[in-house]
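>>> What follows is a predicted protein model with its sequence.
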Amino acid sequence: MNEEPLRSLGRQIASWQDEALRERGVAAEVARRATEAAARRSRRPRASVLLVAAAIIGAIAFLGFGRDASVRPTPSPAVWTAETGDLAEVFPDGTTTLLRAGGRARLVSATDQGGRVALLDGRLHVSVPPGRGSRWTFECGPHQVLVTGTRFDLAWDPGEGRFEIDMLDGSVRVRSDDGSERSVVAGERLRIPADPSPAPADDAPSVPSESGPPTPTASGPTERRPAPPRTAPSSETPRDQPADGGTRWQALALEGRYAEAMQTIGAAGFESALATSTAAELLLLGDAARFAGEAGRSARAYEAVRARYAGGPEAERALFSLGVLAFPEPRAADLFAAYLQAAPGGPLAPEALGRWMEVRERAGDREGARELARRYLAQHPTGGHAALARSLLDHAP
Amino acid sequence: MLRLAPEPSDEALVLRARDGDGQATGWLIERHAPRVTQVLARALGHDADLVDHAQEVLLRAVRELGALRDPGAFRAWITALAVTEVRRVLRRRARWRWLWGEGRSSDVEALGEDRTGAQEALRVVYRALEQLGVEERLAFTLRHVEGMELTEVADAMGVSLATAKRRLARADDRFQALTAGADALAPWRPTSPERGRP
């Protein structure tokens, strides 16, 4: 076969892509970020590494890779310190950050549609308006929070290496230097504890870290927020329990080692846990099974919560999780609808309604999806699914 | 602008970087960031996290420099690392598409509204590539879009030349079948009625 037509098409694609990459300064951004990250790992004195980074960025600009005017240099000084109270920042895309008193953050870069902020210490509230194409990254030591439109609270303790994100709306991805990555959706909280044991000597990379916070086990748990006091007897958080005996699987799940957790609990242990665990433990079990790819066991754990804690907020969350488990199959629609009926003002209501809309849209039910889109925009005009909702309505016949 | 002259070879930079020379590490990153970015963009198409994926490849290269047996082969080695990253992303994309949803914008939107023809052609191409297996997609994009020689494709994918050819042949046939009726690709459609690989 004459492959020239395909190669001609390929060359045209490459040309378009290169043009787009140049306009966005992608290669320069890649080099800058990689250089900074490599510098953080390096044993070399930081000043010399940063000098090299500056030279590299200059060279990239000289070579034309970085000919985008949208990435403006970090203003100096770029470190925000909330010494006397909360410190608010408003960005051109409408994103707002609120650095809580005592915290420190650094603006690494900013464009008209996003940027990169390093939380050096303390707590940061973030609100990124969805539907505007904004892309933000928030760095906390070895962890990166990738955001397109959402609200969350972020905390970073460099001394202890403790990372925490509390999702209020939408979803984010959290990526860590060890390559682990997970999603955190509205109503969930992710905590990544520090690794108490030092890295083995023979595991040291060629450019090991010398300064900065200790590297956490970047694989923390995604947990449900603690239940309100009225359900206190059933909502003790598993993370407070000792990691021995029957709670070994919990420790593994809380470290993000979901497959190992499910292997550890085994068949007999799973049945026993279904019968004896608290609501929080069952939700953790359901999550661990879900992240381990064991849909059947995940569903049984969530169903156990619904059966044993009917009427409570844990049962509502289990219902939502069952919807996530089924998503995007059509039956997920019934589960999200049921969640919204049970908890119309619940913390997961925007996400449930948005996903319900997505299920309808993917199933080809355009009219049903548009009806939900109108409802979504009326209730959550700045929610994580607002852009999709508007898109559905814009394309209405 | 600052620029070291003459530029040291990859081999020299790798050896210096292995000894902990941060400057050499920086130059390796700067030199190969465009290449890594291009390989990822070709194979992945639109990906909102392209910068992150490219950064991951470069950092992995820095971390694993000690594993590179031939320092002079850094370019081929980092290309293979980029291919590994593409495999990881595509497989994760397939697993989690239901969670992340489809891409809602295209990289080519940066070209502006006057390039709607380009946008449509790219959408058709990458929609078709979504239907290919990961290995076929890689073979297709490395060969036709990145413009690699077949031996380079084989090296990057870590397979024999014969295997690379087989994958490319399957990819070509499948791609042409999937895009047979697409008006956006009409300018690049073979004029000859002959189809199939000899």
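Noted; the coordinates are in hand.
>>> Check the spacing between the spatially most central residue of chain B and A:Gly293 real quick.
Chain B has B:Val39 as the residue nearest its centroid, 2.6 Å off, counting by CA atoms, centre = their mean. Per CB to CB, to the nearest Å, B:Val39 is found 29 Å from A:Gly293. To be clear about C-beta, it is placed using only N, CA and C from the backbone, and glycine gets the same treatment.
>>> Do a quick rundown of the helices in the stretch 151-300 of chain A.
Assigned by DSSP state H, counting those that start in this stretch, the helices in the stretch 151-300 of chain A fall at A:248-254, A:258-276, A:279-291, A:295-308.
>>> Just name the most buried of these.
Stretch with highest mean neighbour count among the helices of the stretch 151-300 of chain A: helix A:279-291 (a mean of 25; mean count of other CB atoms under 10 Å in any protein chain shown).
>>> helices or strands next to that helix in the packing?
strand A:222-224, helix A:248-254, helix A:258-276, helix A:295-308, helix A:313-326 (3 or more CB pairs under 8 Å, 6 or more residues apart in numbering or on different chains; DSSP states H and E).
>>> related to what we said a few turns ago, rebuild the helices of the stretch 151-300 of chain A as CSV, extending it with mean pLDDT.
Shown next, in CSV, are these (pLDDT from 0 to 100):
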stretch, mean pLDDT
helix A:248-254, 77
helix A:258-276, 86
helix A:279-291, 85
helix A:295-308, 91
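>>> Could you tell me which helix of the chain is the longest one?
Using chain A here. helix A:4-24 (DSSP state H).
>>> that's the other chain; I wanted chain B
Using DSSP H to define each element, chain B has its longest helix at helix B:74-100.
>>> buried residues in that helix?
Residues B:74, B:77-83, B:85-87, B:89-90, B:93, B:98 are the ones in helix B:74-100 that count as buried (16 or more other CB atoms under 10 Å in any protein chain shown).
>>> Among those residues, name the least confidently predicted one.
Here the lowest pLDDT out of those sits on B:Trp98, with 48.
>>> Tell me the first helix or strand C-terminal of the lowest-mean-pLDDT helix or strand in chain A.
Among the helices and strands of chain A, helix A:46-63 carries the lowest confidence by mean pLDDT, DSSP states H and E, at a mean of 40. Where DSSP states H and E defines the elements, the next helix or strand beyond helix A:46-63 is strand A:79-81.
>>> Looking at chain A, which residue is nearest chain B?
Closest to chain B within chain A is A:Gly10: 3.3 Å, counting by CB to the nearest CB.
>>> quick one, what contacts the closest residue to that residue other than its chain neighbours?
Distances taken as CB to CB, 6 or more residues apart in numbering or on different chains put B:His144 closest to A:Gly10, at 3.3 Å, once the chain neighbours are dropped. Neighbour list for B:His144: A:Glu3, A:Leu6, A:Arg7, A:Leu9, A:Gly10 [criterion: CB atoms under 8 Å, 6 or more residues apart in numbering or on different chains].
>>> Can you say which of those are buried?
Buried residues within the contacts of B:His144, counting neighbours by 16+ other CB under 10 Å: A:Leu6, A:Leu9, A:Gly10.
>>> buried stuff in the host helix or strand of A:Asp334?
Taking DSSP H and E as the criterion, A:Asp334 maps to helix A:331-342. Residues A:Ala332, A:Ala333, A:Leu335, A:Phe336, A:Ala337, A:Ala338, A:Tyr339, A:Leu340, A:Ala342 are the ones in helix A:331-342 that count as buried (16+ other CB under 10 Å).
>>> same question, stretch B:46-53
So for stretch B:46-53, counting by 16+ other CB under 10 Å, buried means B:His46, B:Asp47, B:Asp49, B:Leu50, B:Val51, B:Asp52, B:His53.
>>> from the residues you listed, which are also near chain A?
Contacts with chain A within the buried residues of stretch B:46-53, as defined by CB under 8 Å from any CB of the partner chain: B:Asp49, B:Leu50, B:Val51, B:Asp52.
>>> related to what we said a few turns ago, wait, which of the contacts of B:His144 is closest to A:Val117?
A:Gly10 (38.1 Å; CB to CB).
>>> so who does that closest one touch?
So A:Gly10 contacts B:Thr141, B:Arg143, B:His144, B:Val145, B:Glu146, B:Gly147 (CB under 8 Å, 6+ apart).
>>> Between the contacts of B:His144, which sits nearest A:Asp365?
So of the contacts of B:His144, ranked by how close each gets to A:Asp365 (CB to CB), first place is A:Leu9, at 35.6 Å.
>>> Against B:Glu152, how distant is the closest one?
Noted for A:Leu9: a distance of 19 Å to B:Glu152, by CB to CB.
>>> try B:Glu64
With the distance defined as CB to CB, B:Glu64 ends up 21 Å from B:Glu152.
>>> Could you check which of these two is surrounded by more residues?
Under the criterion of other CB atoms under 10 Å in any protein chain shown, the comparison of B:Glu64 against B:Glu152 puts B:Glu152 first, with 17 against 13.
>>> Tally up the residues packed near A:Asp166, please.
When neighbours are counted by other CB under 10 Å, A:Asp166 registers 18.
>>> quick one, strands of chain B?
Assigned by DSSP state E, chain B shows no strands.
>>> ok and the residue in it nearest chain A?
B:His144 (3.3 Å).
>>> Point out where chain B drops to low pLDDT.
Under the criterion pLDDT under 70, the flagged ranges of chain B are B:1-7, B:95-116, B:190-198.
>>> where along it do the helices fall?
Using DSSP H, helices in chain B cover B:10-18, B:22-44, B:50-63, B:74-100, B:116-130, B:134-140, B:150-157, B:161-178.
>>> Please render these as TSV that adds distance to A:Ser127 to the earlier fields.
Shown next, in TSV, are the helices of chain B (distance: least, CB to CB, whole Å):
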stretch	distance to A:Ser127
helix B:10-18	41
helix B:22-44	30
helix B:50-63	22
helix B:74-100	21
helix B:116-130	31
helix B:134-140	37
helix B:150-157	42
helix B:161-178	42
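>>> Need the per-residue pLDDT for A:Ala326.
Looking at A:Ala326, its pLDDT is 86.
>>> quick one: contacts for the nearest residue to it once chain neighbours are set aside?
Nearest residue to A:Ala326, sequence neighbours excluded (CB to CB, 6+ apart): A:Ala332, at 3.9 Å. With contact taken as CB under 8 Å, 6+ apart, A:Ala332 is in contact with A:Gly323, A:Val324, A:Ala326, A:Arg355, A:Trp356, A:Val359.
>>> If you rank those residues by neighbours, which is first?
Those, ranked by neighbours (other CB under 10 Å): first place A:Arg355, 29 neighbours.
>>> Correct me if wrong: B:Ala171 contacts B:Phe140.
Yes: the criterion here is CB atoms under 8 Å, and B:Ala171 meets it with B:Phe140 at 4.0 Å.
>>> Residues that sit against both of these two, list them.
With CB under 8 Å, 6+ apart, B:Ala171 and B:Phe140 have common neighbours B:Leu132.
>>> So between the two, which is more surrounded?
B:Phe140 (27 against 23).
>>> Check which element follows the helix or strand hosting A:Arg360 along the chain.
In the assignment (DSSP H and E), A:Arg360 maps to helix A:349-362. Remark: after helix A:349-362, the chain's next helix or strand is helix A:366-379, criterion DSSP H and E.
>>> Buried ones in that next one, by neighbour count?
By 16+ other CB under 10 Å, the buried positions in helix A:366-379 come out as A:Gly368, A:Ala369, A:Arg370, A:Leu372, A:Ala373, A:Tyr376, A:Leu377.
>>> Tabulate those residues in CSV, adding columns for distance to B:Thr163 and pLDDT.
Compiled in CSV, these are given as follows (distance: CB to CB, whole Å; pLDDT from 0 to 100):
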residue, distance to B:Thr163, pLDDT
A:Gly368, 47, 92
A:Ala369, 44, 91
A:Arg370, 48, 92
A:Leu372, 48, 94
A:Ala373, 47, 92
A:Tyr376, 48, 90
A:Leu377, 51, 89
